[in-house]
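Trainee: quick one: sequence and predicted model below, then my questions.
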Amino acid sequence: MPGFFAQQRSGQPGKDGADFYIRGISSYNSSATPLIIIDDIEVTSDQVKDIDPNEIESLSILKDASTTAVYGIKGANGVLVITTRRGKEGKPKVTFRSEAGWQKPTLYFHFLPAYQDLLLMREKSLASKEDPVGSYPDLYSDEAIQKYKDQSDPYSYPDVNWIKEVTKPSSLQLRDNVDISGGTKNVKYFISGGYVFQDGILKNFSKSEGYNSNYYYKRYNFRSNLDITATPSTTFRFDLSGRFGETNEPYIADANMSGGAWPIWRQLMSGVLPAWGYPVYNPNGSYGARTGAAINPVGLLRLSGYQRTFDNNFNINITGNQRLDFLAQGLALHGTVAYTSYALDYRSLYRNNFPAYDYISATDTYILYNTNKDLYRIPPLTLSNEAIDGSTTPASPNTTKRLNMQASLTYARNFGKHSINVLGLYNQYTYITAKNSPAFTPENFRGYTGRINYNYNEKYLFEVVAGYNGTDRFKASKRYGLFPAVSAGWNISAEPFFDEVHFVDNLKVRASWGKVGSDKIDNSFQYLYEEVYNRTNSTSYNNNYSFGETPVSMPYIVPGSLGNSNVRWEMEEQKNLGIDLKVLKGRLSVTADVFDRYRYDILDKPKSIPTLAGLGSTLPAINLGQVKNRGFEVELNWQDKIGDVTYFVKGNYTYAKNKILYSDEVAPAYSQLATTGRPIGQFYGYVWSGKFYNDLWDVETSPVVDGYSVLPGALKMVDLNNDGHINDADRTAIGNPNRPNTYYGFSLGISYKGFDVSALFQGARGCSFYTEMFALGLNVKTMDVHQQRWTPANAGTAGFMRLGEGGGLNSALSTYWLRSADYLRLKNVELGYKLPSALTKRLRLENVRIYANALNLYTWYKLKIYNLDPESISNGTSALNNYPNQKVFNAGISVTF
């Protein structure tokens with residue numbers, strides 16, 4: 001869909017929902033997630049990621065103010081609208097679908113074997129003027145490196161591919177659905193039930209321990225949508241749905257070892273778990289270990305336990321519709337009461353340590369490697385009902401509830417060539433505080449909306465919308481706001497003078513203007529109008545007041561954040577100009593839009609107030625930021641039929657570029673480092689010349705790098721101001737921001753009799769990724785790219801910087817480390833076959849379709865040297881933390897009877 005930006009950041013079972021936003025980013029200090037509406041009721045992004053696709057009838061996005069002003073304070077980020085399936089009049093139809101898929105990572109990290117890794121580490125030490133052989137003769141000597149290479153003594157000189165040791169080649173996923181639909185004139189129904197299972201790619205080492213420490217996800221879902229016509233003028237809708245999920249992942253034991261608290265993926269990638277560190281198992285079967293290395297991941301996955309999350313989502317939606325034609329033809333009253341409950345429960349079975357040993361082959365001895373030297377046996381497991389992943393999530397149960405009430409009056413009539421549609425809407429919801437959780441504060445919303453739509457003979461269309469709504473996040477006097485919008489359309493193809501243009505079927509131009517708001521602010525920005533005072537919790541006499549002849553220590557109250565009685569939501573002015581075109585008897589359709597979004601009153605803490613004012617961190621957030629976000633989108637669709645062959649080709653392209661117009665920043669020493677005037681997420685750093693220093697003469701005759709020693713092979717930066725020095729004055733805006741500004745996609749398909757084939761491609765442009773963590777060191781092990789490092793012998797052809805100290809600005813943010821994250825991905829390809837109707841009738845079936853598809857099949861991108869998936873990455877070392885994205889090869893069958 002044009003305007004819809006989506007990227008899947010992780011392939012972890014149960015946590016593989018995509019990040020998505022509409023028409024780019026318009027705020028630098030609040031969420032860009034759009035409002036999500038399912039069957040007229042607002043839901044959270046956590047709830048929508050778990051909805052079963054089998055339940056969805058249609059999905060659309062609202063992008064301009066003419067459609068989002070109805071949602072007022074919540075419409076600035078756009079709206080994602082989902083409508084679920086409903087029953088239709090007719091005999092009952094039962095459809096059963098079953099799928100089985102095999103998952104494998106889209107990319108694997110390929111690390112160098114132990115001996116090549118050690119050769120590079122030795123070279124790095126020598127380049128840093130160290131004596132690696134003297135310090136670590138068992139690692140860096142020629143004799144030791146040869147043993148690592150030939151594996152003649154794998155216990156003392158191991159070469160462990162840890163990723164291969166702990167992961168499976170593929171993992172299984174299953175999905176089953178059954179639904180029943182049908183009904184009579186007065187009662188229609190759609191009932192659906194489903195089950196999903198996704199296994200993780202880790203080996204199940206813990207099976208012998210009686211639990212599962214692998215990643216996995218299970219989900220059971222149901223939906224019952226019932227439509228009742230009580231009288232010719234009265235209808236009711238009763239919807240009941242629920243989802244019950246179970247997400248499992250390994251518990252990461254701290255174990256007081258290097259990298260012990262890191263996610264399992266970070267440990268597998270990092271330099272603290274090298275291939276030569278230690279064997280998986282020692283000769284006596286104990287777990288291997290070595291000083292300075294990370295915890296043994298095999299032992300961790302077997303003995304450290306698991307952490308499990310149960311998420312339960314339950315929804316009730318009751319809607320009534322009463323036609324009031326006895327008062328006025330076309331008048332109707334609607335009412336809705338909806339209840340949503342979302343609960344999280346936790347169960348963890350874990351231990352924080354287990355015995356591991358450093359085996360010394362020369363003396364055939366085992367050295368216990370744990371901070372607790374008395375740990376000679378495996379300690380018992382601990383049971384907990386709290387989240388133990390380092391988050392602030394409270395003990396279970398953690399339940400949130402939302403009660404939504406709506407009432408609306410509509411009037412729709414045609415008067416000859418005139419058509420009018422009027423809406424008056426009242427909407428209110430209460431978001432109840434989660435039990436035991438200070439992070440979720442109560443929230444109440446109330447809104448009033450009016451809309452008038454006028455249509456003259458399908459030629460001229462006008463609409464006026466106004467939303468007046470507010471939230472208790474803000475002070476009573478600042479709680480409500482007015483959000484107006486107007487739009488107009490001209491159907492040129494309906495004009496008499498256009499009758500001679502036979503090849504054009506439809507041509508419409510449209511324009512809209514309006515104001516909308518966004519209350520998607522961080523929890524720390526709630527109730528900013530309140531003056532905050534903090535109470536000390538210390539029991540120390542030095543931090544408290546003492547009273548009485550016999551001193552009694554009492555905590556004292558100190559000022560916290562100052563209040564801001566004028567704080568309110570962010571505002572956005574939106575303009576849109578569009579055109580819709582259909583030609584050649586509807587075979588080709590084109591939709592194009594140009595949009596302009598001006599976000600202002602962005603909440604931010606002022607930074608330009610000097611510290612001499614003595615306010616420090618007590619300053620409240622103020623509505624002061626401004627961002628301009630402009631762009632365009634276009635969608636083309638061609639569909640045709642030649643004999644028995646039907647085919648289609650679709651494509652869309654969206655470009656949205658933002659610029660910070662104002663942020664209350666401290667004026668930087670150098671104007672080119674200001675964030676004002678730059679895109680959100682802009683990188684700032686040095687410009688790499690594309691060269692390394694060739695030799696000492698090159699170093700001496702080049703601009704001086706202030707504060708650093710420089711040796712040949714270091715990155716050579718550009719002296720932007722030509723003053724003979726490389727320093728902060730030469731830093732500037734570099735690369736693209738950390739989120740794409742362009743999304744595009746195209747799909748094509750063909751069907752012939754019972755066969756159909758389709759493919760979907762998705763791409764993104766205008767995004768940079770910071771790759772400095774791939775410098776040889778703690779964060780990552782050696783890879784093929786490190787084999788291209790600079791040496792005097794390959795000074796003219798090197799593809800990577802020198803190893804060792806004396807690198808000058810090697811580790812500084814620069815264009816050398818800023819790589820393009822642009823990509824084009826074959827997102828989905830599917831082949832299906834529908835059995836002939838003559839055969840299905842003989843089998844007393846209505847429809848049978850067999851299909852196979854693949855997800856994330858192939859990617860064209862520019863980050864192959866680092867083995868990074870361009871869709872899943874986020875900047876910094878967090879790119880090494882995430883569960884890898886998955887390719888999925890799937891086969892299924894759908895049977896209707």
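Mentor: The structure has been received and is ready for your questions.

Trainee: phi, psi of Tyr115?
Mentor: Note on Tyr115: backbone dihedrals following degrees, to the nearest 10 are phi -70, psi -40.

Trainee: the host helix or strand of Lys887 pairs with which strands, and in what direction?
Mentor: Assessed by DSSP states H and E, Lys887 sits inside strand 886-896. When pairing is defined by DSSP bridges, strand 886-896 lines up against strand 90-105 (antiparallel), strand 847-861 (antiparallel).

Trainee: how far is that strand from where the chain is centred?
Mentor: With C-alpha atoms, centre = their mean, to the nearest Å as the basis, strand 886-896 stands 25 Å off its chain's centre.

Trainee: for that strand, output the C-alpha coordinates as CSV.
Mentor: Coordinates of each C-alpha in strand 886-896 appear next as CSV, following Å, rounded to 0.1, in the frame of the first residue of the first chain:
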residue,chain,number,x,y,z
GLN,A,886,13.8,-15.8,8.9
LYS,A,887,13.2,-17.3,5.5
VAL,A,888,10.1,-19.4,5.5
PHE,A,889,9.3,-22.2,3.1
ASN,A,890,5.6,-23.1,3.5
ALA,A,891,3.1,-25.6,2.1
GLY,A,892,-0.6,-25.7,2.8
ILE,A,893,-4.0,-26.8,1.8
SER,A,894,-7.4,-25.1,2.0
VAL,A,895,-10.6,-27.1,1.9
THR,A,896,-14.2,-25.7,1.9
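
Trainee: before we move on, back to that, turn the strands paired with strand 886-896 into CSV, columns for distance to Pro559, mean neighbour count and mean pLDDT.
Mentor: Glycine gets a C-beta too; all of them are placed from N, C-alpha and C. Output for the strands paired with strand 886-896, formatted as CSV (distance: least, C-beta to C-beta, whole Å; neighbours: other C-beta atoms under 10 Å; pLDDT from 0 to 100):
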stretch, distance to Pro559, mean neighbour count, mean pLDDT
strand 90-105, 52, 16, 95
strand 847-861, 52, 17, 95
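
Trainee: Throw those strands into CSV and include distance to Leu748, thanks.
Mentor: CSV is the format used below for those (distance: least, C-beta to C-beta, whole Å):
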stretch, distance to Leu748
strand 90-105, 23
strand 847-861, 15
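
Trainee: which residues does the strand holding Lys887 contact?
Mentor: With contact meaning C-beta atoms under 8 Å, 6 or more residues apart in numbering, strand 886-896 is reached by 11, 16, 93-106, 173, 175, 201, 845-857.

Trainee: so which bits of it are buried?
Mentor: Buried residues in strand 886-896, counted by 16 or more other C-beta atoms under 10 Å: 886-888, 890, 892, 894-896.

Trainee: which of these sits closest to Pro496?
Mentor: The closest of these to Pro496 turns out to be Thr896 (C-beta to C-beta; 47.6 Å).

Trainee: name the residues linked to that closest one by a beta bridge.
Mentor: Going by DSSP bridges, Thr896 forms beta bridges with Thr95, Asn847.

Trainee: tell me how far it lies from Asp52.
Mentor: For Thr896, the distance to Asp52 equals 17 Å [C-beta to C-beta, to the nearest Å].

Trainee: just Glu495 next, same as before
Mentor: 46 Å.

Trainee: also Gly631?
Mentor: According to C-beta to C-beta, Gly631 and Asp52 sit 33 Å apart.

Trainee: one more: Ala494?
Mentor: As for Ala494, its distance to Asp52 is 41 Å (criterion: C-beta to C-beta).

Trainee: the more surrounded of the two?
Mentor: For Ala494 versus Asp52, neighbours defined as other C-beta atoms under 10 Å are more numerous around Asp52 (21 against 16).

Trainee: show me the strands in the stretch 51-200 of the chain, by range?
Mentor: Using DSSP state E, counting those that start in this stretch, the strands of the stretch 51-200 of the chain run over 56-62, 79-84, 90-105, 171-183, 187-199.

Trainee: re the thing from before, pick out whichever of the buried residues of strand 886-896 sits closest to Leu300.
Mentor: Gln886 (22.3 Å).

Trainee: for the closest one, report the pLDDT, please.
Mentor: On pLDDT, Gln886 comes in at 94.

Trainee: and it, bridged to which residues?
Mentor: Taking DSSP bridges as the rule, Gln886 bridges to Pro105.

Trainee: about what we covered before: tabulate the buried residues of strand 886-896 (a markdown table), appending distance to Ser224.
Mentor: As requested, these are exported to a markdown table (distance: C-beta to C-beta, whole Å):
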| residue | distance to Ser224 |
| --- | --- |
| Gln886 | 32 |
| Lys887 | 35 |
| Val888 | 29 |
| Asn890 | 27 |
| Gly892 | 24 |
| Ser894 | 21 |
| Val895 | 21 |
| Thr896 | 19 |
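
Trainee: gap between Ser758 and Ala100?
Mentor: For Ser758 relative to Ala100 (C-beta to C-beta), the value is 20 Å.

Trainee: kindly apply the preceding question to Glu42 instead.
Mentor: As judged by C-beta to C-beta, Glu42 and Ala100 stand 35 Å apart.

Trainee: distance of Tyr662 relative to Asn564?
Mentor: 18 Å.

Trainee: Gly685 too?
Mentor: In this view, Gly685 and Asn564 are 35 Å apart by C-beta to C-beta.

Trainee: of those two, who's got more company?
Mentor: Gly685 (23 against 20).

Trainee: what's near enough to touch that one?
Mentor: 731-732, 734, 812-815, 817-818.

Trainee: of those, closest to Tyr527?
Mentor: Among the contacts of Gly685, Leu813 lies closest to Tyr527 (C-beta to C-beta), at 36.9 Å.

Trainee: what's the local residue count around that closest one?
Mentor: 17.

Trainee: pretty sure it contacts Glu772?
Mentor: Yes - between Leu813 and Glu772 there is a contact under C-beta atoms under 8 Å: 6.9 Å.

Trainee: point out where the stretch 301-450 of the chain drops to low pLDDT.
Mentor: Along the stretch 301-450 of the chain, the parts satisfying pLDDT under 70 run over 371-374, 387-397, 433-441.

Trainee: show me where it has its strands.
Mentor: 305-323, 331-350, 357-360, 365-368, 382-384, 398-415, 418-432, 443-456.

Trainee: what's the closest of the ones you listed to Gln146?
Mentor: Here strand 357-360 is closest among the strands of the stretch 301-450 of the chain (C-beta to C-beta), at 19.9 Å.

Trainee: what is that closest one packed up against?
Mentor: Counting contacts by 3 or more C-beta pairs under 8 Å, 6 or more residues apart in numbering; DSSP states H and E, strand 357-360 packs against strand 365-368.

Trainee: and the strand it packs on, which strands flank it?
Mentor: strand 357-360 (antiparallel).

Trainee: and the partner strand, which residues are buried?
Mentor: 357-359.
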